[in-house]
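K.L.:
Provide a 3D model corresponding to the input given below.
(3 chains)
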Amino acid sequence: MTELQAERGGDLSAPPIDVKSKRLRYIDLLIAIAAFAVLASLPFLFSSKALLDFVIRCAAFGLFATSLNLLVGYTGMISFGHGMFFGLGAYGFGLIMQRTGVPVPVAFLGTLVLTAVVATAIGAICVRLKEIYFAFVTLAFQMLIHSIILSWVSLTGGDQGLRGGIPRPKFLGIDPTNHIHLYIMSCALLVIGLLLMRQIAQSPFGYTLRMIRDNASRASFIGIDVWRAKLTIFVLSSLFASTGGIIMCLFVSGAYPEFAYWTISGEGIFINLLGGVTTFLGPMVGTVLLLTLNDTVTRLTEHYGIVLGIVILFFAIGLRKGLMDFAVEWYEARRGDKERAP
Amino acid sequence: MTKSRKPGISRRSALALMGGTAVTFATPWVAGAQAKTIKVGMPTILSGRVAQLGTSSRNGIMIEVDKVNAAGGLAGRPIEMVIRDSKGQPQEAARVARELVNTDGCEILIDAEASSGAFAVHEVARDLGVFCVHTNSETSSLTADPKQHIPNAFRTARQGVHDSIVGGGYAAAIAKAKGLKKWATCSPDYAYGRDTTGEFVYYLKQFAPDVEIISEAWPKLFQPDYTEVVTKILQAKPQALYSALWGGDLTSYIDQANIYALFTQMEVFAVNMADYTALTVVKNLPKGIHSGNRYIKTYPATAENAAWGDAYKAKFNEYPTNWSWENATAMMLIAAASKKANSADGKKLAEAMKGLTIKSPFGADGTVTMRAEDHTLIGYAIGWGTTIPVEPYVPEVKSGDWKQILALEAEWKKTKGYT
Amino acid sequence: MDIDALTGCFASAACLVTQTTSGLIIGMLLFLVAVGLTLIFGVLKVVNFSHGAFYMFGAYFAMTAYQLSGSFALAMLCGAAGTAILGLIFERVFMSRVYGNDVLMQLLVCYAFVLIFDDVVKIVWGPEFRSMGMPTAFQIPPLFIAGGVVPPYYLLLIGVALAVAAVLGFSLARTRVGKVIRAAAHNPGMVSALGINTGLIYGGVFALGGMLAGLAGALAAPVRSLTPGMGFSVLIESFIVTVIGGMGSILGALIGALLIGLIRSFGSLGFPLFTEGLMYLFMVIVLVARPTGLFGKEVA
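P.N.:
Sure, this is the predicted structure:
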């Protein structure tokens, strides 16, 4: 993965903690609050329900894709099995709600705890492996979990998924069956999730991860427990992927084995590449891009594959990088020109 | 007045490519329901391995939509079909269904999804309250389970348990006549395969108590290689084999079992054999496979049915599939309900549809009925016979008796705790 | 679970022989597809995600040729040659542009072509499934070899698979071309500096890999139904085989394929509902114990 590393600018390895970074943290918070305000005002400005659906799906896939980028972009761990946590979130939440009838927040926390336990067990085995072998073993676990979901019919409903709807009782004045309530809740989860991930990425731990990505042996020389750091980020990112799955479960009022299939992981990787892995918001941009593309192209043609394939080729062979990477480089090049100009 | 797309138009993809994307970027979020035409949304599978499900569902419904429009539409409103690909993913099926209703202004949903996609669309219908007809999911629980029941959703597809009752009775008669006691099953490992096989075995044993299942094989859906399940069954040496494999899986299985000479060693009962897609595709069809009817233009042997099959063939240059008649029936019922209610309003349609009986080329007695209590279709032609490799493929079909089917179905519901 | 059936089978010689034979047959069919995948990875370090699409094209080419000419041999030839040309074009025009980039970009290009190829097949041959039909020469009763049942057609497949393994193994190890290819896999810069056209080698290896996938598809066409997207499950299975055997190792692919074949044939007795899960479980165990697979070389 040396090419990936080489592409990244040196400014990422700047000293992590100083006054500036603390100020940056406040700016992040302000941006997050502003973003939430804009998102939350959308239903009052537009009457389109499809727009709300679109944002809810963006929240689910955006959290999932951004959490994957914590592994791929920040730590250099290419996981082909990240979708298992998306599926685990959807199934965990759906099952807890269907079987126990606890309030939504309890089920939410319960699902995260469940995800953390599973991710720790799987991660402890996987993070020992490097590069493409890490990708393979995560993929194998993903398929194993998918097989278990299909085979354990009495619990999961097998290939038909969790049927009969997920009960979504009111809590704290929020009614998840109400479209706008669900929308606001998804936006809040998205913004909080992104803010938390941003904090992780900008923390000293986040810089440790970058060091591991760039040179794992150097990191271990200076006393960093690489295995533990990798495992920690593996588990942390699984929690956000799981949250994405929970949003999806609430949205479709069900959980289906396709949520835990490797194609979801593939889509996550694809989103990351579309948006770009060197910026924090790249995966978010990629999510919006892919979902818009998906929704428009399926409206226009049934030959979705050809169109999507050509778009992918444009990114992979034409741009050779994600959209945000491209934008950032273009912007820097332009600024460079201006500075050089008299 | 249709937005449906015929296969093979690459102009559209080219158009989409050349900047159609940019132009329509904003359109998904601009609502545009027209008052005059009535839009009918249809999420289905148009890509991947079961794209045929989508294309033949579309063909089936379009034949009837054209007729309805020629006769003035639904209560004076011409129908515009909006058909979209869900790629077989349930979350896409849910998304497409919601978009069809919320953005495109579709007032009726035809859910032509299979398996889990149908349940996903069912949840959308529950959430949005839109009038919805399931046309392809045969899973019994979709309508039989009261937990799934909603007032605005109906099913015009076969129901697994009906097929199994008739199949069980038919197979038991042959088992008794030929002394077939040792049976094996080989069905795809997913809900439809497991449920229909379980129900078939249940009724087979009811009608022929000394039958014994000595081996079960459960290949995966779309499995390419069936060697291990073929040899497993050969190894068990049963006298008869039941299979719920369908489509390309069934033909693969037949081709692979054929070279092991499996068909010379046992009687084979394959419920999904008698569908033109499978019958016309298999090159070396062994003689004498017992099958349920899926769609066959010679059964029911009426002029109406033959005419429908021929008209379809003339229009699309292929024979109808089981999916075709199921979707056509949905449109026939909607049209009749609209006439009865003199309205195209979803709530009124749903009310009118309950218990509605219409004339149908696919009816066992020339009619089919939408049962009021659980919103599922009854009275459709259902029978079993043996196949031959040339037309008419199934020369003689033994009809199922709907009185018996209904009585046994009621009992089955009780044992499942549905009533 | 049906452990009794499994132990019962181990107690019976006839069952043991039949299931072992069917395991071998499954394995050899898998090997035919997987060997191209492992070869391309070994030399080009590319995980050819579009391998299943080549398998699909091989099958469709063969079917069309068979329907037009009625000759089985010509059908096989068309399947193999057609995909070889396709592989060469694919590598030269597209893949060669992303060698400098990271693995993910290569995967993305392959993924794009999986989508495009599936749609192309749907447009050209239609969305419905098709069947080629067994040539009359092979419509003969199965043979009984040492108590196991073997259809003559599968005997042919096994023969082809073994021949492929032998020819590849020999030419890579012993011939000059093989040595150049191995050298190019090891150090492309050096090979290029010696005046050898590495582009030609890469294109050739990709064409060979595509040809092997196409041949496998063509050979499978008489016994498997043809649909757009048919390469998908085959890709997953051959992927498991190569990862278990070790990416890049031909011997590994052979052993991996046979192991998976045996797991499938005996697993379907003991765990009829979890046979697929068993394969993934096995893959996890192998990867954890030996990350590079059974016969893979440690990456420096």
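K.L.:
And for whichever residue of the stretch 1-150 of chain A sits closest to chain C, the neighbour number?
P.N.:
Nearest residue of the stretch 1-150 of chain A to chain C: A:Ser147, at 3.6 Å (C-beta to the nearest C-beta). (C-beta placed from N, C-alpha, C; glycine too.) Using other C-beta atoms under 10 Å in any protein chain shown, A:Ser147 is surrounded by 22 other residues.
K.L.:
ditto for A:Gly223
P.N.:
6.
K.L.:
Surely it is in a strand?
P.N.:
No - looking at A:Gly223 with DSSP: H, G, I helix; E, B strand; the rest coil, it is coil, so not inside a strand.
K.L.:
What is the least confident helix or strand in the chain?
P.N.:
Assuming you mean chain A. In chain A, no helix or strand scores lower on mean pLDDT, DSSP states H and E than helix A:2-7, which sits at a mean of 39.
K.L.:
Please refer instead to chain B.
P.N.:
Going by mean pLDDT, DSSP H and E, chain B bottoms out at helix B:21-23, a mean of 39.
K.L.:
Extract the C-alpha set from the helix or strand just after it and format it as CSV.
P.N.:
Tracing the chain C-terminally past helix B:21-23 and defining elements by DSSP states H and E, one meets strand B:38-44 next. The C-alpha trace of strand B:38-44 is given here as CSV (Å, rounded to 0.1, in the frame of the first residue of the first chain):
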residue,chain,number,x,y,z
ILE,B,38,-53.0,7.2,-12.4
LYS,B,39,-49.5,6.0,-11.8
VAL,B,40,-48.9,2.5,-10.8
GLY,B,41,-45.4,1.8,-9.3
MET,B,42,-43.7,-1.6,-9.7
PRO,B,43,-40.5,-2.4,-7.9
THR,B,44,-39.0,-5.6,-9.4
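K.L.:
just how off-centre is strand B:38-44 within its chain?
P.N.:
17 Å (C-alpha atoms, centre = their mean, to the nearest Å).
K.L.:
What residues sit buried inside it?
P.N.:
B:Ile38, B:Lys39, B:Val40, B:Gly41, B:Met42, B:Pro43, B:Thr44 (16 or more other C-beta atoms under 10 Å in any protein chain shown).
K.L.:
B:Glu326 reaches B:Gly60, doesn't it?
P.N.:
Yes - B:Glu326 is within contact range of B:Gly60, at 7.1 Å (criterion: C-beta atoms under 8 Å).
K.L.:
Return the residues of chain A in contact with chain C.
P.N.:
By C-beta under 8 Å from any C-beta of the partner chain, the residues of chain A that approach chain C are A:1, A:3-4, A:72, A:78, A:125, A:128-133, A:136-137, A:140-141, A:143-144, A:147-148, A:151, A:266, A:269-270, A:273, A:303-306, A:308-310, A:312-313, A:315-317, A:320.
K.L.:
does the nearest residue to C:Phe138 once chain neighbours are set aside count as helix, strand or coil?
P.N.:
Leaving aside its chain neighbours, C:Phe138 sits nearest to C:Tyr153 (4.3 Å; criterion: C-beta to C-beta, 6 or more residues apart in numbering or on different chains). Following three-state DSSP, the label given to C:Tyr153 is helix.
K.L.:
what's the closest non-adjacent residue to C:Ala5?
P.N.:
Sequence neighbours aside, C:Leu269 is the residue nearest to C:Ala5 in space, at 4.8 Å (criterion: C-beta to C-beta, 6+ apart).
K.L.:
give the contact list for the one you found.
P.N.:
By C-beta atoms under 8 Å, 6 or more residues apart in numbering or on different chains, the contact list for C:Leu269 reads B:Lys232, C:Asp2, C:Ala5, C:Leu6, C:Cys9, C:Gln19.
K.L.:
which SSE is the fifth one in?
P.N.:
Pointing back at C:Cys9 there. C:Cys9 belongs to helix C:3-11, assigned by DSSP H and E.
K.L.:
what mean pLDDT would you report for that helix?
P.N.:
On average, the pLDDT along helix C:3-11 is 77.
K.L.:
What of stretch B:66-75?
P.N.:
The predicted model assigns stretch B:66-75 a mean pLDDT of 91.
K.L.:
Stretch A:120-128 too?
P.N.:
When pLDDT is averaged over stretch A:120-128, the result is 89.
K.L.:
List the buried residues for the worst-scoring helix or strand of chain C on mean pLDDT?
P.N.:
One helix or strand of chain C scores below all others by mean pLDDT, DSSP H and E: helix C:3-11, with a mean of 77. Buried residues in helix C:3-11, counted by 16+ other C-beta under 10 Å: C:Ala5, C:Leu6, C:Cys9.
K.L.:
Fine, thanks again, bye for now.
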